[in-house]
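>>> Okay, sequence plus prediction incoming.
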Amino acid sequence: MTASLVLALCHVVLVVGTVPVWMALLGWMTAIMEGARRLPDPMARWRALRQAWRQAGVRSAAGAQVTAVAPWLALAAGVAAMLLVPSFAIGMPGGGLSDLLVVGGLLEVAFVALVVVAVAAGLARPGHAGLRAVTGGVMIQPVLLLSCAVLGMCLPDGTLAGLVRQAHVADMNLIRVPLALVAGALLVAVDDAGASPALFSTMVEDLAGPDRAVAEYARDLVAVVWMMLARDLIWPESIVTPDFMARSGGMLAVMTALGLWLGHMLLACGCVAGMRVFVLSGRWQTAGRAGLALLCAVMAAVLLFASRWAG
């Protein structure tokens with residue numbers, strides 16, 4: 001129990017501390033691919049959040065009670081989902097709940113809470129932006145349902161922890177491509193956590209002070225957790241298990257897994273930036289995004305059935 005709590009604490013500190021860093025690097029990679037020339041500033045997002053926190057808090061009188069709670073609800077749901085998605089090791093408390101239905105449900109709660117922030121005040125611009133985000137969220141629901149069905153057939157006990165254990169003891173070749181397609185479908189469908197940076201800025205323009213900072217951090221956390229989930233589906237063997245740590249030397253195994261997680265997350269940021277610039281720009285922003293994600297999920301299901309039939 002003590003070891004699992006230590007792993008959970010390290011996981012929380014690692015993810016919570018690096019969320020703004022990943023989002024800053026993602027923004028920088030996107031700008032570079034669009035032709036900008038500037039050096040990366042990993043701490044830029046942290047400074048923006050600190051500046052937003054220090055501003056005087058402002059709430060619209062029409063929805064003050066809702067906007068006082070909704071950002072914190074989104075943050076709580078995002079943190080709960082983050083606790084279920086492993087970064088460098090499994091064996092943490094709650095690992096038995098780490099299936100896509102639970103994780104996706106918590107991330108959907110966070111998304112809905114952020115939309116509530118936009119519509120609660122009754123203002124035209126934030127409300128319209130919130131409705132646009134809801135439209136995109138509704139269109140990706142078939143993708144999430146199909147992805148859950150595919151993962152239910154791939155994962156031995158329906159959880160990410162079970163997938164990691166299987167990756168260390170069994171051949172993953174038959175399900176590796178379907179898992180990669182599901183990961184791609186999730187990244188395409190939920191990129192920008194339901195709203196582009198400009199759209200989300202409009203959604204929360206009625207907020208200021210700590211409420212604004214919490215809402216922005218919650219959105220960043222949701223986006224990073226989706227990337228972590230996709231990474232775990234593609235490279236489950238890079239996550240260490242308690243048994244593997246005991247056999248190969250705990251600290252060395254953990255440090256290797258930690259380095260792999262950092263490298264994979266950096267690669268995930270590059271992939272998401274490339275999708276934003278070269279695949280999901282212009283006319284791909286709404287229906288095209290959902291269609292491409294659904295195509296990836298359908299291909300994953302077809303390949304999974306074909307591999308099982310051939311086996």
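Alright, I've got the coordinates.
>>> Sketch out the low-pLDDT regions of the stretch 101-250 of the chain for me.
156, 191-196, 244-250 (pLDDT under 70).
>>> What helix or strand is the spatially closest residue to W72 that is not a sequence neighbour located in?
Distances taken as CB to CB, 6 or more residues apart in numbering place V214 nearest to W72, at 6.0 Å, with adjacent residues excluded. Quick note: C-beta positions are derived from backbone N, CA and C, even for glycine. Counting by DSSP states H and E, the element that carries V214 is helix 210-234.
>>> Ok, P93 next?
Using DSSP H and E, P93 is not contained in any helix or strand.
>>> got the contact list for it?
P93 makes contacts with S4, L5, A8, as judged by CB atoms under 8 Å, 6 or more residues apart in numbering.
>>> Return the members of those classed as buried.
Those of the contacts of P93 that meet the buried threshold are S4, A8, by 16 or more other CB atoms under 10 Å.
>>> on that earlier part again, kindly confirm whether my reading is correct that the residue nearest to W72 touches L75.
Yes: contact criterion CB atoms under 8 Å: V214 and L75 qualify, at 5.4 Å.
>>> I'd like to know how far the residue nearest the centre of the chain sits from L26.
In the chain, the centroid-proximal residue (CA atoms, centre = their mean) is W226; its distance is 1.8 Å. W226 sits 12 Å away from L26, going by CB to CB, to the nearest Å.
>>> Wait, a helix at R38?
No: counting by DSSP: H, G, I helix; E, B strand; the rest coil, R38 is not part of a helix but coil.
>>> Give the full set of residues in contact with it.
W28, A31, I32.
>>> cool, A89 as well?
L7, H11, I239, V240, T241, P242, M245, V254, A257.
>>> Could you list which of those belong to helices?
Of the positions in those, L7, H11, P242, M245, V254, A257 sit in helices, assigned by DSSP state H.
>>> of all the residues you listed, which comes closest to V169?
Ranked by distance to V169 (CB to CB), the ones in helices among the contacts of A89 are led by P242 at 13.6 Å.
>>> Tell me how many other residues crowd the closest one.
16 (other CB atoms under 10 Å).
>>> roughly how far apart are it and S98?
From P242 across to S98, the span is 15 Å (CB to CB).
>>> Please apply the same query to L262.
21 Å.
>>> Do a quick rundown of the helices in the stretch 51-200 of the chain.
For the stretch 51-200 of the chain, the helices defined by DSSP state H, counting those that start in this stretch cover 64-84, 100-120, 124-139, 141-154, 160-169, 173-190, 197-203.
>>> check contacts around the spatially closest residue to A300 that is not a sequence neighbour.
Leaving aside its sequence neighbours, A300 sits nearest to L181 (CB to CB, 6+ apart; 3.7 Å). Applying CB under 8 Å, 6+ apart to L181 gives the contacts C296, A297, M299, A300, L303.
>>> same thing but at 6 Å, please
C296, M299, A300 (CB atoms under 6 Å, 6 or more residues apart in numbering).
>>> Between the residues you listed, which sits nearest G152?
A300 (12.0 Å).
>>> any idea how far that closest one lies from L187?
The separation that A300 has from L187, given CB to CB, amounts to 13 Å.
>>> Ok, F305 next?
Here F305 is placed at a distance of 23 Å from L187 (CB to CB).
>>> These two: who's more crowded?
The residue with more neighbours, out of F305 and L187, is L187; 22 against 13, by other CB under 10 Å.
>>> Setting aside sequence neighbours, what's the nearest residue to the more buried one?
Going by CB to CB, 6+ apart, L187 has A230 as its nearest residue, at 5.1 Å.
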